Structures are given as structure tokens and as C-alpha cells.
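Engineer: Sharing a model prediction with you, sequence too.
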2 protein chains.
Amino acid sequence: MLIVQKYGGTSVADIDRIKAVAGCVVKTVKEGHKVVVVVSAMAGETDKLINLAHQVSSNPSEREMDLLLSSGERVTSALTAMAIEELGHKAMALTGRQMGIYTDAVHTKARIEKITTERAKKALDEGYIIVVAGFQGVTEAEDVTTLGRGGSDLSAVAIASALNADLCEIYTDVDGVYTADPNIVPGARKLDKISYEEMLELASLGAKVLQTRSVEFAIKYEVPVVVRSSFSDNPGTLVTKEDEDMENVVVSGAAYDKNQAKITVMGVPDKPGIAAKLFKGIADANIVVDMIVQNISSDGKATDISFTVPKTDSKKTLKLTEGIVKELEARGVALREDIAKVSIVGVGMRTHSGVAAEMFDTLAKHGINIIAISTSEIKVSCLIDVKYAELAVRILHDAFELSTDFAKRI
Amino acid sequence: MLIVQKYGGTSVADIDRIKAVAGCVVKTVKEGHKVVVVVSAMAGETDKLINLAHQVSSNPSEREMDLLLSSGERVTSALTAMAIEELGHKAMALTGRQMGIYTDAVHTKARIEKITTERAKKALDEGYIIVVAGFQGVTEAEDVTTLGRGGSDLSAVAIASALNADLCEIYTDVDGVYTADPNIVPGARKLDKISYEEMLELASLGAKVLQTRSVEFAIKYEVPVVVRSSFSDNPGTLVTKEDEDMENVVVSGAAYDKNQAKITVMGVPDKPGIAAKLFKGIADANIVVDMIVQNISSDGKATDISFTVPKTDSKKTLKLTEGIVKELEARGVALREDIAKVSIVGVGMRTHSGVAAEMFDTLAKHGINIIAISTSEIKVSCLIDVKYAELAVRILHDAFELSTDFAKRI
């Protein structure tokens, strides 16, 4: 088999961990597989570099930021290749560029456009274990880009897809995907298997196991992904296409996301084209809007539009929105950051009714007010006061009996 | 004018120093010049990375070592560009590759083969201050290379030559080139001007002001270089073509080099082709041999050949030489590392006799034994016991009255 193994920051946190990773890679090779390794920066390195940038500049250029941050993964890839060679196996470190990862020019969150695999394939044929610096790519104009936080997951899945790998293993510091964050919900249970779609919803909820875009990529190209721990031999969780079993499980997991901010545009004239104008401006700035709620205007003249964006983009979005407010003839803009989005996810929701109602009821019973609601086929999310985030996940986990394996639940 | 400014590791040692460098660059721009900045890694970074490499591997691959080490300069170039932008000027960081620095594939000490300047010229035309990551280049096969210790000097001089710059300023932590190391000789005097050739001899002697190969490059392409301090406004030392003034100065400086090891091949049959065979093997391994001394064989049958190589290459050379010994039918090989090369340098030697004799006499008067001698047109070097290195420089500095400006000496 050709296996892509991705090791995150905690898995390569120091020299001993890097040696352990080398051992794990060599073990896989000895089992008869070819391996492409994708590594993150050593834990803390990226934050250290961001901190340096903010010390020299109040508003660092994103192009230079990418050049800066990409160095962390380059260091780890070189060290990991050396550690593998020390164990007597041929290894070759490749930068994002050398791996042929071409992206658009949206610095700090570039999208992969194509991967040219000639060099990697040649190296694999020559018996090298390849160690790719994750998180980074290059534009056609030869500028270094990065793929956004957690971008090494995307590197791994995209490389697995481009090389037609049989499996993409994401090694991290948890041993799989849980029904909820075990730090918050002591009874959280590890799942053996989860569908891409559920994983996508959980990832976008801030269950920090897999980066959202890497899951989107895995869906699109049907890359089988396993999430497992580099600190244990636990088999992990397989993220794969939905099968019949999964549909029986109504709710697979509960999670919250504290990384959203809510912006409300007040007193917007209730006429066509307003929302389009507002959200086009935000989309043009490459800001991802999550929930959008438009309240019904009672007098038919003006309405409030609320929406959520990642907290990191909140200031930029506020400024942008304030700029458009006059044009929209709206009354004003308000930003609220003390919020959390709590959600339940499960492919079985499609065929089971009453799930949303049970969620609202559970929150109400515990006096948690719902600020906004959004739903998808397999998810129900409620925006609540941030102080209730942990409590909400715990009571939902209980309410939907997630601690118990589904087979035993029915 | 187009000025290339190179800032070494101590000049960009921390955030405050990087900000100071940005200020210095902007000051030059405000004086009406275009500026290309070349930066080293922050002081200590390269050693830190080398140390990490040796922790994971007893013999790290040189290709991966280059990838690892090149990250230090990339970090500084990005941070410096950000710091310049913070002062309100357009800046663009360029990696070695983006600067178009193509090298051969001799990792860890690659030679520059060509520099493609399109991108840099375009950026300069668009009003950018360019900040280049020093010390690094790229091969035609897209592998990252480094130019050896002090390689950022070479980057700067080569870029100055390729861009036809009017001046190349090397900013360091000393304010110019001295008649001797002021830490060893309290009376050492800063020179206003020095010829390329003298600088070359001093650089190769371990006067750590300018990297040897950067001086060779400056000679070849006649790049005017100024060595000056980034910590003061002192005008520094101009390194330039020899002029008539200079010829009047017999000795310009005295220095030692402790970075050499002596290898002696004993009992070599005295027949043609032996030396060629020996030194070809060493040259093929890209090891630079400095002094070569062959003792006259009294019986006409066997002789000893001694030569010096950089200490970093001594083990490798010893192994190589031991391999050739049988083939040479020699008796054995010995390595001696407790030696220093002490030298006096000056273009005036060409037209003044007795300089070498005075040097030998001075050393003899202080009981310092000479192990080997080598001379060039403008230099006399003696190999001595390392424990006398500092003493030798001090007494030679005195003997040739280097503390006194030449104009006052005659």
C-alpha cells in the first residue's frame, strides 16, 4: 500500500518525538508499505513566529507572513528526514514547492489548485521515504503560500489524493474522533467510524481533530482517512463514505465552536439586493460567513441582519460592514464576541424527526437562551452565550445518550 | 545609487535590532537611493538548527541540512520586510530562489552559477525595497543549497554584481577592517581603505570580517565593498582596487587562523605522480587544501608530505588520506590539530624585500618555532604551535609598527 502519514505539531514537538515519528514511519515501511510523511511545525513554533511578526509590525504583510510561517514546517521536514536516515532508510525532505503543491495567491489561507507529482513519484520509485513540509504551497508566480491553520491536514489529504494513496493517516495527540471533547464531557466515547459529512460538520465546529478543508477535500476525492494517536497503538477512527450502519445513528457527536463572532447590521431597508450587496463585499475579502439570520421586519420597512464570521476576521469584517452601511442605508453595525455555537451532528437525522426539537428542549430546560439557529441535513446548531458552551455540550451528550454505543442504545 | 546592504547575524539578533536595521535601510532610501537588503539568520539561530540536526542524526544528510539551515535567513528576511513596511515603505522579502540565485549542487558549500535578476529588477522598478534571505540558493533541480559559513556576504556581493549596484555595504558588529583583531592587539588600527587582494588574504586567515569567497567574487566583478558597523555611524573600511597609495604600505595587517589542521603523509616514495594522486583525491571530495609542504628526502627514496585543511574537514581528509596511503606505498598518516597559521599581509611586499626575514626573526626572538612556511606575493604565513597564536600576532603588529598610520611611519 501507499500510505500518507501526517504528524501534527505535538507529534513532532521535540527531538525525542521526531525520533519516535521516524520509528513509526520505518515500522510502516517494514510492514511492506511505501510511505509519504507530512509534518507540521514543532508545537509552539508557528505561534512563536506569529508573535515575532506582531512585534515588528502592527499589520504584517500576508505575503511575508506566509514566507515566515512556512519555515517551521521546513525545519521539521528536514529533521524528520534526517531521523529516518539515521534508522538506515533513504529519506528525502520536500518543501511544498518541491512536492508540487500549487495554490492560488490568497496568502495565509491559500487553496490548492494542483499538485504535480513527478518528483515525488520518482523519489518513491527510487525507494525514498518522502517527508513533506505541510501547511505550505507556492503560487504560479513563485510566492510561498500557507493553507491556513491546520493546513498540514489538507496537505496530507491532497497529497494522498494526488498520489492515489490507499490510506491517509492523520496522527495527532488524541486517539480518534469522539462523541464530544473528552476534556469537557468525561463520558465521551471514541467512534470507530464516522462519515465524511459528519466529520466535516464536527471539524467546522472546532472539534480540532481534522481541518475543515481537508475533510472537504477527502469527500471530493474519496480519500480514506484514519485519525489516530502518535502516542499509542490505538487503531483510531476511520473517516469514510457513509454506509447503512451509520444511518441508524441519529446523533454521532456534540461540539461547540467558540471561534465565531456575531455581527448585526441594524435597520436595514427591507428591499431586494441588500443581502447580496452586503455578503458580496465580505466574500470578496475572503472572509467565510457561517450562520446568517435575518429577522422578519414587523413594519415591512427595516430589518436586522445578523451573521457570524471567524473571530480572527471580526475586526476586518466590522470595518468592511461599517463601510457598506451607508450604502445600504442601514442604521448601524454591532459586534458581539461572547458567543459560542453548540451543535449536534449525525447522518441519521435525515431520517429521524424531532432531533432539533429535542435539542431546543434540552437547552431550555437548563435555562440556556438561543440567540440564533441554523440547521443542515445532518446538523443542528444553536448560537448561545459563551459561558454556557461546556454545559450545553454536556447536557446534549447526555440527552442523546452518546456515551452508550448505538448498538446498545436501541 | 543602487546600494546592496548586508546585515549579519548580530545586526539582526533580535526584534529591536531588526527594527534598527529597518530604520537604517529607510534612512538610505530617504537619501535618494534604491536599496536591496541581504540578511543573515538571527544570531545563534543557525547554530541552534545545526545542534537539532546533530541530535537526530550522527551524520545528517547535507541536502536536508541545507533545507534546514536556509530557514533561518527566510525568517529574518520576512521579519525585516515587515519592519520596513511598518515604517511606511514598500518592501518585499525574496528567498534565494526568488532572487534567482542558482548554484551548483555541492550542498552546504554551493557555488553560485548564475543570478537571474528579472524579478528583483521589476520589484525595484515598482518602488519596493527588496529584502533577500542570504546564505542560500537553489539548484537547477530545485533543491535548496547554502553557500557555507558567512555565505550571506557572498549573496550580497553577488547580488550587487548581478544588479550592477554602485556599492555593496557589509554591516557587521565591528566598524571596519583592522590591522589586527583589536581583541588580541589593543593597538590595532582601523584601515580606511584596503585592496581586494589584502582583504582576501586576511579573510582567508580567519579575520572574520568578510567571507573569503565573497571577496573573490568582489575582485572578479570589481564590486566596491564597504565594511561598516550597524551599531554606529562610523564610515567603515572601503575594500577596493589597489591604488598607488596602498603600495607604499608594506604590511597592512597581521592575523591568525586557528581553523586549520595539518596532515602529514609519512614515508612517501619519491617518484612522480604521487602528489597529484594524493591531492586529486582530496579535491574530488571538495576539501580545500591550504598550505602544502614537501620535505626534501635525504636518501632520495622517501619523503614526507604535509598539508593543511580546514579543521571541519580534518576527519574526512584523514580517512581519505588513509585510504590512499596503501596505493601511494607510504608509511602512514598523522593528524595534528594544535596549530595556528599566523600571517602578515600587504600589497607593498611586492616591491619591498626582507619582509619575510623580519617576520621569521621576530618569531625567533620570542622563541616561537616555525612548523611550516608559505608565501604569496602579498602574504607571508607561518604555521606555529597554537598556544603562541595571539602572542605572534601581537609581536608582529609591533615589529611592523602597524599601530601607526603609514603616513606617520615614514
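Structural biologist: Right, received. Where do you want to start?
Engineer: Phi, psi for A:Leu200 please.
Structural biologist: For A:Leu200, the backbone dihedrals are phi -60, psi -50 (criterion: degrees, to the nearest 10).
Engineer: residues contacting it?
Structural biologist: A:212, A:215-216, A:219 (Cβ atoms under 8 Å, 6 or more residues apart in numbering or on different chains). Any C-beta I mention is one placed from the backbone N, CA and C, and that applies to glycine too.
Engineer: quick one: what helix or strand has the residue nearest to A:Arg331 when sequence neighbours are not counted in it?
Structural biologist: Distance criterion Cβ to Cβ, 6 or more residues apart in numbering or on different chains; nearest residue to A:Arg331, sequence neighbours excluded, is A:Gly267 at 2.9 Å. According to DSSP states H and E, A:Gly267 maps onto strand A:260-269.
Engineer: same question, A:Asp153
Structural biologist: With DSSP H and E as the test, A:Asp153 turns up in helix A:151-162.
Engineer: Tell me how far that helix lies from the chain's centre.
Structural biologist: Its chain's C-alpha centre and that of helix A:151-162 lie 13 Å apart, by Cα atoms, centre = their mean, to the nearest Å.
Engineer: Could you identify the pair within the contacts of A:Leu200 that is furthest apart?
Structural biologist: With Cβ to Cβ as the measure, no two of these lie farther apart than A:Thr212 and A:Ile219, at 10.9 Å.
Engineer: the more surrounded of these two?
Structural biologist: The neighbour count for A:Thr212 versus A:Ile219, taken as other Cβ atoms under 10 Å in any protein chain shown, is higher for A:Thr212 (21 against 17).
Engineer: wait, doesn't the more buried one sit right on A:Ser204?
Structural biologist: Yes - applying Cβ atoms under 8 Å as the test, A:Thr212 and A:Ser204 come out as touching, 4.7 Å apart.
Engineer: what ranges do the strands span in the stretch 1-150 of chain A?
Structural biologist: With DSSP state E, counting those that start in this stretch as the criterion, the stretch 1-150 of chain A has strands at A:2-7, A:34-39, A:91-94, A:101-103, A:112-115, A:129-133, A:136-138, A:144-146.
Engineer: Show residues contacting the last one.
Structural biologist: Contacts made with strand A:144-146 from outside it, assessed by Cβ under 8 Å, 6+ apart, are listed as A:65-67, A:69-70, A:96-97, A:103-110, A:135-139, B:95.
Engineer: Nearest approach to B:Arg394 belongs to which of the strands of the stretch 1-150 of chain A?
Structural biologist: Of all the strands of the stretch 1-150 of chain A, strand A:91-94 sits nearest to B:Arg394, with 47.5 Å by Cβ to Cβ.
Engineer: That closest one vs chain B: in contact?
Structural biologist: Yes - counting by Cβ under 8 Å from any Cβ of the partner chain, chain B has neighbours in strand A:91-94: A:91-93.
Engineer: Narrow those to those that are buried.
Structural biologist: A:91-93 (16 or more other Cβ atoms under 10 Å in any protein chain shown).
Engineer: hang on, the earlier thing: I'd like the residues of strand A:91-94 next to chain B as TSV, with pLDDT and distance to B:Ala165 appended.
Structural biologist: Formatted as TSV, the residues of strand A:91-94 next to chain B follow (pLDDT from 0 to 100; distance: Cβ to Cβ, whole Å):
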residue	pLDDT	distance to B:Ala165
A:Ala91	98	40
A:Met92	98	37
A:Ala93	98	34
